[in-house]
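**Q** Below is the sequence, then the predicted model.
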Amino acid sequence: MPPKKSTENDLILARDILDAARTIMDYTDGKSWDDWYGNGMLRDAVIRQLTILGEAANRLTDEFVATHPSQEWQKIADMRHRIVHGYRTIDNAMVWDIVHTEVPRVIVYLEPIVGGWINPDTRSSSSRALPDRHSHGPAGYGPFGCQTFINK
């Protein structure tokens, strides 16, 4: 795991959390419990975004966490650990509840914090651009930070 360092890094992580939370809300908009429970791809997609949200929360600096104590950052990170390490025992009802209670709270909390860095209406960078979390990193590395072996 990269070292927990800067405020700028915290804002990038906060954007990742906000993006994942918004994506979850997009995926589940207009969906019922039956839609959720009956659609494995929907559940998997939401759970993937929850792991991103939790991993980013886990990487926030102690300074950011102390400055924003109203969010339970450690519980968010712990949720990610439970999903990843307890994948066989994921409680779909609990995840559904988190999606409809906790995720909207995270969005409402982070939008004003990240607002100076992102235009929430377009999800595009504002005057202070942040790196795209979907970039493939340095040359020679592909998705997931894996070194590519093409043309070697």
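**A** All right, it came through fine.

**Q** quick one: pLDDT of the most centrally placed residue in the chain?
**A** For the chain, the residue sitting closest to the mean C-alpha position, by Cα atoms, centre = their mean, is Leu53 at 2.4 Å. pLDDT recorded at Leu53 is 95.

**Q** so where's this protein uncertain?
**A** Within the chain, the stretches with pLDDT under 70 are 1-8, 116-152.

**Q** do you know how far the residue nearest to the centre of the chain is from Asp78?
**A** Leu53 sits 12 Å away from Asp78, taking Cβ to Cβ, to the nearest Å as the criterion. From N, CA and C alone the C-beta is placed, and that goes for glycine too.

**Q** just to revisit the earlier point, that's a strand at the residue nearest to the centre of the chain, yeah?
**A** No - going by DSSP: H, G, I helix; E, B strand; the rest coil, the assignment for Leu53 is helix, not a strand.

**Q** Can you tell me the closest non-neighbouring residue to it?
**A** Setting aside the residues directly before and after it, Leu53 is nearest to Ala20 in space (Cβ to Cβ, 6 or more residues apart in numbering), at 4.1 Å.

**Q** my guess is the one you found meets Leu50, correct?
**A** Yes - counting by Cβ atoms under 8 Å, Ala20 does reach Leu50; the two are 7.3 Å apart.

**Q** Count the residues that sit near Pro104.
**A** Neighbours of Pro104 under the rule other Cβ atoms under 10 Å: 13.

**Q** Tell me where the chain has helices.
**A** 7-28, 33-38, 40-59, 62-67, 73-85, 92-114 (DSSP state H).

**Q** what sits against the residue nearest to the centre of the chain?
**A** For Leu53, the contact set (Cβ atoms under 8 Å, 6 or more residues apart in numbering) comprises 16-17, 20-21, 24, 76, 80, 103, 106.

**Q** Nearest to Val114, out of those: which one, please.
**A** Ile17 (8.5 Å; Cβ to Cβ).
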